[in-house]
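**Q** predicted model and sequence follow; I will ask about them next.
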Amino acid sequence: MNTRTPPGQTIVAIATPPGAGAVGIIRLSGPEALAIAARLFRPSRSTSSTLLPPWRLRLGHVLDASGSVLDEVLAVAMPGPRSFSGEDTVEFHCHGSPAVLASILDAVVAAGARPAGPGEFTCRAFLNGRLDLAQAEAVAELVAAPGREAARLALSNLSGLLSARVAALRDRLTELRAAICLAVDFPEDETDGFDRDGFLNRLDEVMSEIRALLAAGERGRVAREGARVVLAGAVNAGKSSLMNALLGRERAIVTSQPGTTRDFIEEPLDLGGLTVRLVDTAGLRETGDAVEREGLRFSRELMAAADLVVLVVDGSRPSAAGGHDLSGFAPERTLVALNKADLPPAAPDPMVRLSALGLETLRLSARTGQGVDILAKRLRERLAGTMPQGEAAPAPNLRQRQALSLALAELTALSADARAGRPEDILGVGLETACAQLSTVTGEIVSEDVLADIFSRFCIGK
């Protein structure tokens, strides 16, 4: 998308999702938005000298060029700069028929507007100073949020909290640059000299805050992308049954024959607003079957990449917990489901060994549903504990984390130079580079290619 839209162009798009619905919205933005709306809209009652009074919904009809009625609508005008895009904006709230929306869109284009590209309304908001780049990205993240937790993080960034944190860090680095410039411009015999220890202390504080933002961003990935929870364990331990119980429907094939699951099955699961990608894997065992061996290889790879592994153990078999190596199941990434609680318990109890290894263990029955709700609750609690907490917790996305990482790397090298006694002018160059990297987070410094890539991932109409 060309982020530098030629002046004078007015854009239009359907701002509601595809398909039929109760209401559909046509959005116009640009210098001709009000004039185009005036040519197409006829109010039901002429109670005002102004066709579309600002910020007020008016009932009326949209007509095509021949004067035929296309739909009865509610129209609202939002003059710039006090609109989302910062430009004159008009919305027609129509009936949500795809045919009706298409006909009104065609009429608006015929009247002089052009179809908007992906993210073009938000891009104009950025270019017109209504949003910075981090806030603009938060718009897309909010629209695409897979669950309430992802929406919460997106709203936090949209509020400007992340931008404010980054701006504060940049201001502190600017103060350090000013101190260095003073030391360079005025030799030590004319001033009190450069306080290198104080400089390093303040630099360490900034680096610590950047590390905290990076850690929060990595934790926020769980909410944005959906946490991957892998069901692992021996054959016939009940992994597929547990998957079906958590999903509340029959998704995985369940039989008494060992090795039924040879490939992995992945399904989304909502845990109280947190989206989880639940994965059922092939049972862990030695096998000569080539297909099953390949499934086991996938299982191990999925377990290594999982945010949390649910180790399913048959609680009715004495050897269940001791039949395979548990050394690879780290307590911080593992939750044990001691399955088949509806059957007589094994002796000795497998929970003894599991608890001795520091593994959190819950008794349940995937067949009857006993304890499955408790497992779901603990999954939610364990995964939520890895995410930024609080109503307004900033969590940088991948692009922003990359910029923060580059800034941190520059400051780390700068700190080493300062401790080695490098000249002040060299230190100033490093600070300037770090500030530039921080500026890319909020968009003060950003290339056309980066902007085009960011906004191309938006939906049309936003």
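**A** That came through, no problem.
**Q** what about dumping the CA coordinates of stretch 363-382 to PDB?
**A** This file holds the C-alpha atoms of stretch 363-382, laid out as PDB (Å, rounded to 0.1, in the frame of the first residue of the first chain):
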ATOM      1  CA  ARG A 363      -6.500 -36.600  39.600                       C
ATOM      2  CA  LEU A 364      -9.300 -36.800  37.000                       C
ATOM      3  CA  SER A 365     -11.300 -39.000  34.800                       C
ATOM      4  CA  ALA A 366     -11.500 -38.000  31.200                       C
ATOM      5  CA  ARG A 367     -14.300 -40.700  30.700                       C
ATOM      6  CA  THR A 368     -16.600 -39.400  33.400                       C
ATOM      7  CA  GLY A 369     -15.500 -35.700  33.500                       C
ATOM      8  CA  GLN A 370     -14.400 -35.800  37.100                       C
ATOM      9  CA  GLY A 371     -11.800 -33.200  37.700                       C
ATOM     10  CA  VAL A 372     -11.600 -32.000  34.100                       C
ATOM     11  CA  ASP A 373     -13.000 -28.600  35.100                       C
ATOM     12  CA  ILE A 374     -10.300 -28.300  37.800                       C
ATOM     13  CA  LEU A 375      -7.600 -29.100  35.200                       C
ATOM     14  CA  ALA A 376      -9.000 -26.400  32.900                       C
ATOM     15  CA  LYS A 377      -8.900 -23.900  35.700                       C
ATOM     16  CA  ARG A 378      -5.300 -24.800  36.500                       C
ATOM     17  CA  LEU A 379      -4.300 -24.600  32.900                       C
ATOM     18  CA  ARG A 380      -5.700 -21.100  32.800                       C
ATOM     19  CA  GLU A 381      -4.000 -20.100  36.000                       C
ATOM     20  CA  ARG A 382      -0.600 -21.500  34.900                       C
END
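**Q** any buried residues in that stretch, and which?
**A** Using 16 or more other Cβ atoms under 10 Å as the test for burial, stretch 363-382 gives 363-367, 371-372, 375-376, 378-380, 382. All C-beta spots, glycine's among them, are computed from the backbone N, C-alpha and C.
**Q** tell me how far that stretch is from the chain's mean position?
**A** Remark: stretch 363-382 is offset 27 Å from the chain centroid, using Cα atoms, centre = their mean, to the nearest Å.
**Q** same question for stretch 153-169.
**A** 14 Å.
**Q** measure it end to end?
**A** 20 Å (Cα to Cα, to the nearest Å).
**Q** what residues sit buried inside it?
**A** The neighbour-count check on stretch 153-169 (16+ other Cβ under 10 Å) flags 153-158, 160-163, 165-167, 169 as buried.
**Q** now the residues you listed in JSON lines, with distance to Asn128, secondary structure and pLDDT?
**A** Below are those laid out as JSON lines (distance: Cβ to Cβ, whole Å; DSSP: H, G, I helix; E, B strand; the rest coil; pLDDT from 0 to 100):
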{"residue": "Leu153", "distance to Asn128": "25", "secondary structure": "helix", "pLDDT": "89"}
{"residue": "Ala154", "distance to Asn128": "21", "secondary structure": "helix", "pLDDT": "91"}
{"residue": "Leu155", "distance to Asn128": "22", "secondary structure": "helix", "pLDDT": "92"}
{"residue": "Ser156", "distance to Asn128": "23", "secondary structure": "helix", "pLDDT": "91"}
{"residue": "Asn157", "distance to Asn128": "19", "secondary structure": "helix", "pLDDT": "93"}
{"residue": "Leu158", "distance to Asn128": "17", "secondary structure": "helix", "pLDDT": "94"}
{"residue": "Gly160", "distance to Asn128": "16", "secondary structure": "coil", "pLDDT": "93"}
{"residue": "Leu161", "distance to Asn128": "22", "secondary structure": "helix", "pLDDT": "94"}
{"residue": "Leu162", "distance to Asn128": "20", "secondary structure": "helix", "pLDDT": "95"}
{"residue": "Ser163", "distance to Asn128": "16", "secondary structure": "helix", "pLDDT": "95"}
{"residue": "Arg165", "distance to Asn128": "24", "secondary structure": "helix", "pLDDT": "95"}
{"residue": "Val166", "distance to Asn128": "21", "secondary structure": "helix", "pLDDT": "96"}
{"residue": "Ala167", "distance to Asn128": "19", "secondary structure": "helix", "pLDDT": "95"}
{"residue": "Leu169", "distance to Asn128": "26", "secondary structure": "helix", "pLDDT": "96"}
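**Q** how's this structure carved up into domains?
**A** Domain ranges of the chain: 11-131, 148-222+393-456, 229-384, per automatic domain parsing.
**Q** in a markdown table, list these along with distance to Ala140.
**A** Shown next, in a markdown table, are the domains of the chain (distance: least, Cβ to Cβ, whole Å):
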| stretch | distance to Ala140 |
| --- | --- |
| domain 11-131 | 7 |
| domain 148-222+393-456 | 8 |
| domain 229-384 | 17 |
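**Q** how many residues are close by Leu70?
**A** 21 (other Cβ atoms under 10 Å).
**Q** and the gap between it and Met78?
**A** 22 Å (Cβ to Cβ, to the nearest Å).
**Q** re earlier: which single one of the buried residues of stretch 363-382 is nearest to Ala216?
**A** Arg382 (17.8 Å; Cβ to Cβ).
**Q** might one say that the closest one is in contact with Asp307?
**A** No: counting by Cβ atoms under 8 Å, Arg382 sits too far from Asp307 to count as a contact (9.0 Å).
**Q** what lies in contact with stretch 334-342?
**A** Residues outside stretch 334-342 that contact it (Cβ atoms under 8 Å, 6 or more residues apart in numbering) are 237-238, 241-242, 308-316, 350-351, 354, 359-368, 370-371, 375, 378-379, 382.
**Q** now do the helices in the stretch 1-150 of the chain.
**A** With DSSP state H, counting those that start in this stretch as the criterion, the stretch 1-150 of the chain has helices at 33-40, 98-110, 120-127, 133-143, 148-158.
**Q** need the winner for burial among those.
**A** Among the helices of the stretch 1-150 of the chain, judged by mean count of other Cβ atoms under 10 Å, the one packed with the most neighbours on average is helix 120-127 (a mean of 24).
**Q** helix 133-143 and that helix, what's the angle between them?
**A** 160 degrees (axes from the mean of the first three to the mean of the last three Cα atoms, to 10 degrees).
**Q** just checking, what packs against helix 120-127?
**A** strand 11-14, strand 21-29, helix 133-143, helix 448-456 (3 or more Cβ pairs under 8 Å, 6 or more residues apart in numbering; DSSP states H and E).
**Q** helices and strands around the third one, which ones?
**A** Which is helix 133-143. helix 120-127, helix 148-158, helix 161-185, helix 398-419, helix 424-442, helix 448-456.
**Q** quick one, strands of the stretch 201-350 of the chain?
**A** 227-233, 265-271, 274-280, 308-314, 334-339 (DSSP state E, counting those that start in this stretch).
**Q** and those strands as CSV, adding mean pLDDT, mean neighbour count and distance to Arg196?
**A** Output for the strands of the stretch 201-350 of the chain, formatted as CSV (pLDDT from 0 to 100; neighbours: other Cβ atoms under 10 Å; distance: least, Cβ to Cβ, whole Å):
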stretch, mean pLDDT, mean neighbour count, distance to Arg196
strand 227-233, 89, 24, 45
strand 265-271, 87, 16, 51
strand 274-280, 88, 23, 47
strand 308-314, 91, 24, 46
strand 334-339, 93, 26, 47
